[in-house]
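S.K.: Fold the following, please.
(chains A and B)
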Amino acid sequence: GAVVSQHPSRVICKSGTSVKIECRSLDFQATTMFWYRQFPKQSLMLMATSNEGSKATYEQGVEKDKFLINHASLTLSTLTVTSAHPEDSSFYICSARGGLADIPGELFFGEGSRLTVL
Amino acid sequence: AQSVAQPEDQVNVAEGNPLTVKCTYSVSGNPYLFWYVQYPNRGLQFLLKYITGDNLVKGSYGFEAEFNKSQTSFHLKKPSALVSDSALYFCAVREGGFKTIFGAGTRLFVKA
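M.R.: This is a model prediction of the structure:
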């Protein structure tokens, strides 16, 4: 199957700093990427949907100024957590679809990034 | 609105026994249904999907799922569980635009 790479896998930062998480589709062009947030022992919560070259569509309740999403190319989307606070600590997962790997409905997931804000 | 429910937080089964992880859904049209597995601190791995066709879908690692339209269910099954199957399992339904809605997840424990 298609490979989605997420980096970094773990990051620890101080409160007030910004953190960038990258999501790359390694062997296909991802026309659409999705960012999820997962709290401990809970399901995935969709944060936003990003299409290459256009602004991300955020889910209700997600602060777009705090969680900046950029999908500048067909293989890269980034999530920047700005002015991070301890309550932003979570497991962030990206997924992608598109290109030759585009099987109807099938999503390919990154390995996730665990953010800890001190 | 589309939704998916996993009624069990946890399923315990002995190794070698059959396992079932339950999932029910609610959609307005024809459903696209999926099962994913997640190991600790990892992303989700695709197991299988139902789009159309045969109601019994076979997937990775010996898992299968049966689409039941009348009961709006898509239960995940495996004839003989392995300890290595212990993980968190998510049922999901896709709505328009590839927005995927996930169930709450069911933790499977397979005891040796």
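S.K.: where exactly do the strands run in chain B?
M.R.: Remark: strands assigned in chain B by DSSP state E are B:3-5, B:10-14, B:19-21, B:24-26, B:32-38, B:44-50, B:56-58, B:64-68, B:73-78, B:87-95, B:99-102, B:106-111.
S.K.: Columns mean pLDDT, mean neighbour count and distance to A:Ala84 on top of those, output as a markdown table?
M.R.: All C-beta atoms are positioned from the backbone trio N, CA, C, and that covers glycine. A markdown table is the format used below for the strands of chain B (pLDDT from 0 to 100; neighbours: other C-beta atoms under 10 Å in any protein chain shown; distance: least, C-beta to C-beta, whole Å):
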| stretch | mean pLDDT | mean neighbour count | distance to A:Ala84 |
| --- | --- | --- | --- |
| strand B:3-5 | 90 | 17 | 31 |
| strand B:10-14 | 97 | 14 | 32 |
| strand B:19-21 | 98 | 20 | 35 |
| strand B:24-26 | 93 | 17 | 35 |
| strand B:32-38 | 92 | 24 | 24 |
| strand B:44-50 | 89 | 21 | 24 |
| strand B:56-58 | 95 | 14 | 41 |
| strand B:64-68 | 96 | 18 | 39 |
| strand B:73-78 | 98 | 21 | 36 |
| strand B:87-95 | 90 | 22 | 26 |
| strand B:99-102 | 83 | 20 | 25 |
| strand B:106-111 | 96 | 17 | 29 |
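S.K.: Reformat the ones you listed as TSV; add distance to chain A.
M.R.: What follows is the strands of chain B, written out as TSV (distance: least, C-beta to the nearest C-beta, whole Å):
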stretch	distance to chain A
strand B:3-5	9
strand B:10-14	10
strand B:19-21	14
strand B:24-26	13
strand B:32-38	4
strand B:44-50	4
strand B:56-58	13
strand B:64-68	14
strand B:73-78	13
strand B:87-95	5
strand B:99-102	5
strand B:106-111	8
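S.K.: Which one of the ones you listed lies nearest to A:Cys23?
M.R.: Minimum separation from A:Cys23 across the strands of chain B (C-beta to C-beta) falls at strand B:44-50, 13.5 Å.
S.K.: Tell me which other helices or strands the closest one touches.
M.R.: Contact here means 3 or more C-beta pairs under 8 Å, 6 or more residues apart in numbering or on different chains; DSSP states H and E; on that basis strand B:44-50 packs against strand A:108-109, strand B:32-38, strand B:56-58, strand B:64-68, strand B:73-78.
S.K.: Residues touching it, excluding its own?
M.R.: A:1, A:44, A:93, A:95, A:105-109, B:31-39, B:57-61, B:63-65, B:67, B:74, B:76, B:89-90 (C-beta atoms under 8 Å, 6 or more residues apart in numbering or on different chains).
S.K.: on that earlier part again, mind putting the helices and strands packed on strand B:44-50 in a markdown table, distance to A:Gln60 included?
M.R.: As requested, those are exported to a markdown table (distance: least, C-beta to C-beta, whole Å):
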| stretch | distance to A:Gln60 |
| --- | --- |
| strand A:108-109 | 23 |
| strand B:32-38 | 23 |
| strand B:56-58 | 32 |
| strand B:64-68 | 30 |
| strand B:73-78 | 27 |
